[in-house]
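# Model the structure of this input:
(one chain, ligands or ions: 1)
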Amino acid sequence: MIDYLRDGNQIYQKSFGIIRDETNFQGLSDDLSHVAVRLIHACGMTDIVGDLQASENAVKVGREALQQGKAIFCDAMMVARGITKKRLPKNNPIICTLNHPDVPNIARQINNTRSAAALELWGDNLQGAVVAIGNAPTALFHLLEMLDDGLVKPALILGFPVGFVGAAESKLELASNSRGIPFMTLHGRRGGSAIAAAAVNALAKENEL
Ligand SMILES: C/C1=C2N=C(/C=C3N=C(/C(C)=C4\N[C@@](C)([C@@H]5N=C1[C@](C)(CCC(=O)O)[C@H]5CC(=O)O)[C@@](C)(CC(=O)O)[C@@H]4CCC(=O)O)[C@@](C)(CC(=O)O)[C@@H]\3CCC(=O)O)C(C)(C)[C@@H]/2CCC(=O)O
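Below is the predicted model of the structure:
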């Protein structure tokens, strides 16, 4: 038998302890630090703290929206599948429209990616909801464009697209003008579906692993 830790809860406890020991949370509020622990846990990089930016009330409004049973809108199935349903306080709906059959046509019509086109199907249910973008920069750009065009407002935007083309730029656009909506983001190229899902998982349960 190889000697390694086999108990899931012990692994979590140990992992979160290491993160707390090795991370400098200076500059983050207590509630944002709590979220940051889970983001770090999802990517293994303690230095993301320096790139993390959030509105002052982001954690509070995110928690409230989930407590009210609001839906979580995701850009990619990987984000949707990363959300731990049993953590959600009100069995909140998790919505990803990327694979809707109308999306390829909409993408052609609006001359954008499928990830961006999928947002055209979000509709009025977005009001007061939580948006979690973990993959596609074009989804975040298009969300901001749609808000400029009068889309109903979500409670919180978790903007964590990853990559080299448009990721840093879309997050800068969000942070420089979030259209009055509280947000959380990780500046630069880093991000990803696992981080976006971890942000939702952190908001779903307060001060608990
Ligand atoms: C250009 C795209 C990027 N994708 C990245 C990274 C990953 N994408 C994965 C997968 C499986 C998917 N990516 C799509 C969203 C697909 N990715 C794109 C697009 C071409 C354009 C998005 C954009 O630029 O904003 C996008 C397709 C589209 O038309 O919108 C995906 C839908 C493609 C597909 O399978 O059809 C699919 C998502 C499926 C789902 O979960 O629902 C990766 C796993 C890599 C892979 O293909 O194996 C990886 C996951 C990263 C993550 O953590 O989410 C980038 C790096 C984000 C890149 C955009 C930026 C860049 O620098 O190119």
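# correct me, but I11 touches L5?
Yes: using Cβ atoms under 8 Å, I11 makes contact with L5 at a distance of 5.2 Å. Where C-beta positions appear, they are placed from N, C-alpha and C, glycine not excepted.
# Please give the element, helix or strand, for V165.
If you go by DSSP states H and E, V165 is not part of any helix or strand.
# what about the residue nearest to it when sequence neighbours are not counted, how many neighbours?
Of all residues not flanking V165 in the chain, P137 sits nearest, at 6.8 Å (Cβ to Cβ, 6 or more residues apart in numbering). For P137, the neighbour count with other Cβ atoms under 10 Å is 26.
# swap in the one 3 residues further on?
Burial of L140 is recorded as 31 neighbouring residues (other Cβ under 10 Å).
# ok, and for the helix or strand hosting it, which residues are buried?
Per DSSP H and E: L140 is located in helix 137-148. Within helix 137-148, the residues scored as buried using 16 or more other Cβ atoms under 10 Å are P137, T138, A139, L140, F141, H142, L143, L144, E145, M146, L147.
# Is that helix in proximity to the ligand?
Yes: against the ligand, helix 137-148 shows contacts by Cβ under 6 Å from any ligand atom at P137, T138, A139.
# wait, doesn't the second one sit right on R114?
When you say that, I think you mean T138. No: between T138 and R114 there is no contact under Cβ under 8 Å: 9.0 Å.
# Run through the residues of the protein sitting next to the ligand.
Taking Cβ under 6 Å from any ligand atom as the measure of proximity, the chain contacts the ligand at 76-78, 98, 113-115, 134-139, 162-167, 192-194.
# Whichever of these end up buried, select them in PyMOL.
To isolate the buried ones among the residues of the chain next to the ligand in PyMOL, judged by 16+ other Cβ under 10 Å, type:
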select buried, resi 76+78+98+113+114+115+134+135+136+137+138+139+162+166+167+192+193+194
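# if we can go back for a sec, C-terminal to the helix holding L140, what's the next element?
Following helix 137-148 in sequence order, the next helix or strand is strand 156-159 (DSSP H and E).
# which residues sit against the following helix or strand past that next one?
From strand 156-159 onward toward the C-terminus, using DSSP H and E, the following helix or strand is helix 167-176. The contact list for helix 167-176, computed with Cβ atoms under 8 Å, 6 or more residues apart in numbering, reads 53, 137-138, 140-141, 144, 157, 159-161, 183, 185-189, 191.
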